[in-house]
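Novice: task: produce atomic coordinates for the following.
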Amino acid sequence: MALLARRYPEALEAASAGNAEHYAAALADGGYYTASEASYAAGLERWRAHFEDGAPPPVADSCIEIARAGVLHTLARASQD
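Specialist: Numbering: from 1, shown residues only. Predicted coordinates for the structure are as follows:
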C-alpha cells in the first residue's frame with residue numbers, strides 16, 4: 001500500500017472508490033504495466049466481479065491470460081521497432 005500511495009496515488013484513489021477502469025488507467029499512466037492496459041483492466045474487472053459475487057477469483061486463468069497478453073504485447077512492440 002505504501003508503494004501505491006507514494007508512486008501511484010491516483011490509482012489508490014480509484015481503488016478506494018472501487019473503479020477498476022480508472023485504477024488500471026492510473027497504473028498505466030505511471031508506467032506500472034508490462035502488458036497492455038486493456039489486458040490488466042479486464043483482469044482487474046474480473047477480480048472485482050468475483051469479489052462482489054463472493055466467489056473465489058480464477059487465479060490461474062487470470063495469471064495465464066495476463067502472461068499471454070504480456071508476451072503478445074512485447075512481441076508486437078518488438079516488431080514495430
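Novice: make it CA atoms for all contacts and neighbour counts henceforth
Specialist: Will do.
Novice: and Arg7, how many neighbours?
Specialist: Other residues lying near Arg7 total 13 when counted by other CA atoms under 10 Å.
Novice: sorry, wrong one. I was asking about Glu10.
Specialist: Each residue near Glu10 was counted by other CA under 10 Å, and the total is 19.
Novice: buried stuff in the host helix or strand of it?
Specialist: Taking DSSP states H and E as the definition, Glu10 sits inside helix 9-16. Neighbour counts over helix 9-16 (16 or more other CA atoms under 10 Å) mark Pro9, Glu10, Ala11, Leu12, Glu13, Ala14, Ala15 as buried.
Novice: how much space separates the second one from Ser79?
Specialist: In other words, Glu10. Using CA to CA, to the nearest Å, Glu10 is found at 32 Å from Ser79.
Novice: kindly report the same for Ala24.
Specialist: As judged by CA to CA, Ala24 and Ser79 stand 25 Å apart.
Novice: what of Val71?
Specialist: For Val71, the distance to Ser79 - CA to CA - is 12 Å.
Novice: can you check Gly30 too?
Specialist: Applying CA to CA to Gly30 and Ser79 gives a distance of 24 Å.
Novice: picking that back up, could you redo the buried residues of helix 9-16 as TSV and give each row pLDDT and distance to Ala67?
Specialist: Listed next are those as TSV, based on pLDDT from 0 to 100; distance: CA to CA, whole Å:
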residue	pLDDT	distance to Ala67
Pro9	91	25
Glu10	91	25
Ala11	88	22
Leu12	86	23
Glu13	89	26
Ala14	87	24
Ala15	83	22
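Novice: can I get the CA coordinates of stretch 41-58 in PDB?
Specialist: Extracted in PDB, the C-alpha atoms of stretch 41-58 (Å, rounded to 0.1, in the frame of the first residue of the first chain):
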ATOM      1  CA  ALA A  41      -8.100  -3.700 -16.800                       C
ATOM      2  CA  ALA A  42     -10.000  -6.800 -17.900                       C
ATOM      3  CA  GLY A  43      -8.300  -8.900 -15.300                       C
ATOM      4  CA  LEU A  44      -9.000  -6.400 -12.600                       C
ATOM      5  CA  GLU A  45     -12.600  -6.200 -13.600                       C
ATOM      6  CA  ARG A  46     -12.900 -10.000 -13.400                       C
ATOM      7  CA  TRP A  47     -11.400 -10.000  -9.900                       C
ATOM      8  CA  ARG A  48     -13.700  -7.200  -8.800                       C
ATOM      9  CA  ALA A  49     -16.800  -9.100 -10.100                       C
ATOM     10  CA  HIS A  50     -15.700 -12.300  -8.300                       C
ATOM     11  CA  PHE A  51     -15.300 -10.400  -5.000                       C
ATOM     12  CA  GLU A  52     -18.700  -8.800  -5.400                       C
ATOM     13  CA  ASP A  53     -20.300 -12.200  -6.100                       C
ATOM     14  CA  GLY A  54     -18.500 -13.700  -3.100                       C
ATOM     15  CA  ALA A  55     -16.800 -16.300  -5.300                       C
ATOM     16  CA  PRO A  56     -13.100 -17.000  -5.300                       C
ATOM     17  CA  PRO A  57     -11.300 -15.400  -8.300                       C
ATOM     18  CA  PRO A  58     -10.000 -17.600 -11.000                       C
END
